[in-house]
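K.L.:
What shape does this take:
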Amino acid sequence: MTRFREFIDRRFFGGAIYAGSMLWAAQHLVVGVVFLLLGAYVTRPGVPSWTLLLTLAGVCAALLFRRGRPWLALLLGTLALVVDGALLGPSTWVFITYGDVLYGVGAFGRRRLAHGTLYVVIVGHVLVLAFLLYALAIGALPGGLLDVLQLLGLVVLMFLMPLTTGLTIREHRMRAELERERARQVVRMAELDRNNAVAAERGRMARELHDVIANHLSAVAVQSTAALSMREFDPERVRRILAVVRDNSVQGLAEMRQMIGVLRAGDDAPALDRVMPRLADAERLVGTAREAGLEVEYTESGPAPRLPTQVDAAAYRIVQEALTNALRHAEPRRVRITVEHHGPDPGPRRLVITAANRVPRRPAEDWVAALGGGTGLTGMRERVSLLGGTFVAGPTDDGQWRLRAELPVGAHTEAGADA
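P.N.:
Coordinates of the predicted model:
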């Protein structure tokens, strides 16, 4: 069946003729010859019956172009019909075959051609009805109104019905194509959504990995540098340095194992909440930074309500990144971090985190390179932006590096964060 369908859709002469149309035209020609042999035509004095084969061949030739060139099929078919009806015939099968030509115009022709042909056919039917009624009124038509209706029904059956059927098939085909295109669009949109989700998840994983690794490895690097710069061996100092290196390594590995466990478990919100860091654990970060040799002034003010999970994690990561940057770049090695909980009066509830430490003076264009490409700042800015907050960080005129992050905390934020 598939091979036969492929055969009838095969094109010839640049697509003007289809193999299926050739078979269909041959079938019409055979049936038309049978009708002529049976005498299904109107005889005219002085017209040989074999001449009807010419109009039959003409209308069958029109069928060859009904799919590839519908306008040419309509032209050839109409010419054969006029010659047959006015000069030679009429013969029954020429009219029936012409109806198939009209079907091809409605199903395969351009919209303007199909609709224009429909209007002409409707006008022709109205004129035929008017002529039949006039002939009936003057007594030129034998029979009564029933005969008029039968003739009109025959004309509709041979001309109007095939054309409207072709138009209906055309509309169904166009609708099916639209549905297929819509389905393809849905598939493309689903693929884009999947790619966006993957990209968002990659960005989130990159931020988490950076925040987990950068803090602990920065402490390890600072302590290792301090150990290597010792001119005289001090066992007690080396012991303290190794203890800091060990603690940061163990904590980093533990957080990495927690993240990997969540990724392997899938999108499990309760499990994710259990491993999400919280602002209440910031004291541990401060202790680690102090052990690494950084002088930290950490203050928290205002009533501390229960924060949404995403806000709590973002605040923890911002404090962690601020400590990491200060540990790497502060001169002298001192940082001041303030966490302020602002209540609903005045204004909405919000959490404000500020960090300030002195840094060596350098040109503004050198700051990105000095901060290792600004990955940490980008991650903090993305976290704050996703929660609808504001984030500002940069050098000040008085030789300090200042960071300020404001996170909205409210019912709408918690609902969005949970979602």
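
K.L.:
in which helix or strand would I find Arg44?
P.N.:
In this structure, Arg44 sits in neither a helix nor a strand according to DSSP states H and E.

K.L.:
any idea whether the nearest residue to Gly32 once chain neighbours are set aside is helix, strand or coil?
P.N.:
The shortest distance from Gly32 to any residue other than its chain neighbours is 3.9 Å, reached at Trp93 (C-beta to C-beta, 6 or more residues apart in numbering). To be clear about C-beta, it is placed using only N, CA and C from the backbone, and glycine gets the same treatment. When classified by DSSP: H, G, I helix; E, B strand; the rest coil, Trp93 comes out as helix.

K.L.:
Please look at Trp93 and Leu56 and confirm they touch.
P.N.:
Yes - between Trp93 and Leu56 there is a contact under C-beta atoms under 8 Å: 6.5 Å.

K.L.:
list residues touching both of those two?
P.N.:
Gly32, Leu36 (C-beta atoms under 8 Å, 6 or more residues apart in numbering).

K.L.:
so which strand or helix has the residue positioned nearest the centre of the chain?
P.N.:
Centroid-nearest residue in the chain, with C-alpha atoms, centre = their mean: Met189, separated by 1.8 Å. In the assignment (DSSP H and E), Met189 maps to helix 161-228.

K.L.:
before we move on, the earlier item: the residue nearest to Gly32: neighbouring residues, count only.
P.N.:
Using other C-beta atoms under 10 Å, Trp93 has 24 other residues around it.

K.L.:
gap between it and Asp100?
P.N.:
The gap separating Trp93 from Asp100 is 10 Å, by C-beta to C-beta, to the nearest Å.

K.L.:
go on, Pro395?
P.N.:
Distance, Pro395 to Asp100, by C-beta to C-beta: 84 Å.

K.L.:
try Tyr41
P.N.:
Counting by C-beta to C-beta, the gap from Tyr41 to Asp100 is 18 Å.

K.L.:
Count the residues that sit near Leu133.
P.N.:
Look at Leu133: counted by other C-beta under 10 Å, it has 13 neighbours.

K.L.:
Need the nearest residue in space to it, chain neighbours excluded.
P.N.:
Sequence neighbours aside, Val148 is the residue nearest to Leu133 in space, at 6.6 Å (criterion: C-beta to C-beta, 6+ apart).

K.L.:
residue boundaries of the strands in the protein?
P.N.:
For the chain, applying DSSP state E gives strands covering 11-12, 17-18, 295-301, 334-342, 350-358, 390-395, 400-408.

K.L.:
which parts of the last one are buried?
P.N.:
Across strand 400-408, burial judged by 16 or more other C-beta atoms under 10 Å covers Trp401, Arg402, Leu403, Arg404, Ala405, Glu406, Leu407, Pro408.

K.L.:
Packing partners of that strand?
P.N.:
helix 309-329, strand 350-358, helix 375-386, strand 390-395 (3 or more C-beta pairs under 8 Å, 6 or more residues apart in numbering; DSSP states H and E).

K.L.:
Can you add mean neighbour count, distance to Leu88 and mean pLDDT and give the ones you listed back as a markdown table?
P.N.:
Supplementary listing: those in a markdown table, determined by neighbours: other C-beta atoms under 10 Å; distance: least, C-beta to C-beta, whole Å; pLDDT from 0 to 100:
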| stretch | mean neighbour count | distance to Leu88 | mean pLDDT |
| --- | --- | --- | --- |
| helix 309-329 | 24 | 87 | 85 |
| strand 350-358 | 22 | 94 | 91 |
| helix 375-386 | 19 | 82 | 80 |
| strand 390-395 | 15 | 90 | 89 |
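
K.L.:
so what's the residue nearest to Val94 when sequence neighbours are not counted up against?
P.N.:
For Val94, ignoring the flanking residues on the chain, the nearest one in space by C-beta to C-beta, 6+ apart is Asp84 at 4.6 Å. When contacts are counted by C-beta under 8 Å, 6+ apart, Asp84 touches Leu52, Thr55, Leu56, Val59, Pro90, Ser91, Val94, Phe95.

K.L.:
now that we have those residues, which one has the most neighbours?
P.N.:
Highest neighbour count within these, by other C-beta under 10 Å: Val59, with 30 neighbours.

K.L.:
pLDDT score for that residue?
P.N.:
Note for Val59: predicted pLDDT of 92.

K.L.:
thought it was touching Val83?
P.N.:
No - counting by C-beta under 8 Å, Val59 stays clear of Val83, with 9.7 Å between them.

K.L.:
The stretch 1-150 of the chain: helices as residue ranges?
P.N.:
For the stretch 1-150 of the chain, helices defined by DSSP state H, counting those that start in this stretch occupy the ranges 2-8, 19-37, 52-63, 70-83, 92-108, 111-138, 145-155.

K.L.:
Ok, which of these comes nearest Gln185?
P.N.:
Among the helices of the stretch 1-150 of the chain, the nearest to Gln185 by C-beta to C-beta is helix 111-138 (23.0 Å).

K.L.:
Can you name every helix or strand that that closest one contacts?
P.N.:
By 3+ C-beta pairs under 8 Å, 6+ apart, helix 111-138 packs against helix 70-83, helix 92-108, helix 145-155, helix 161-228.

K.L.:
now the ones you listed in TSV, with distance to Asn357 and mean pLDDT?
P.N.:
Converted to TSV, the helices and strands packed on helix 111-138 look like this (distance: least, C-beta to C-beta, whole Å; pLDDT from 0 to 100):
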stretch	distance to Asn357	mean pLDDT
helix 70-83	80	91
helix 92-108	77	91
helix 145-155	96	79
helix 161-228	14	80
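
K.L.:
Which one of those lies nearest to Arg358?
P.N.:
helix 161-228 (16.9 Å).

K.L.:
hmm, back to that, let me have the strands of the chain in TSV, adding distance to Leu118 as columns.
P.N.:
Shown next, in TSV, are the strands of the chain (distance: least, C-beta to C-beta, whole Å):
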stretch	distance to Leu118
strand 11-12	27
strand 17-18	24
strand 295-301	80
strand 334-342	72
strand 350-358	68
strand 390-395	64
strand 400-408	63
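
K.L.:
Which one, of these, ends up nearest to Asp247?
P.N.:
Asp247 sits nearest to strand 295-301 of all the strands of the chain, at 15.9 Å, using C-beta to C-beta.

K.L.:
Compute the number of surrounding residues for Asp247.
P.N.:
By the criterion of other C-beta under 10 Å, Asp247 has 18 neighbours.

K.L.:
hang on, isn't it packed against Arg290?
P.N.:
No - between Asp247 and Arg290 there is no contact under C-beta under 8 Å: 11.8 Å.

K.L.:
For Met189, see how far away Asn196 is.
P.N.:
Asn196 sits 10 Å away from Met189, going by C-beta to C-beta.
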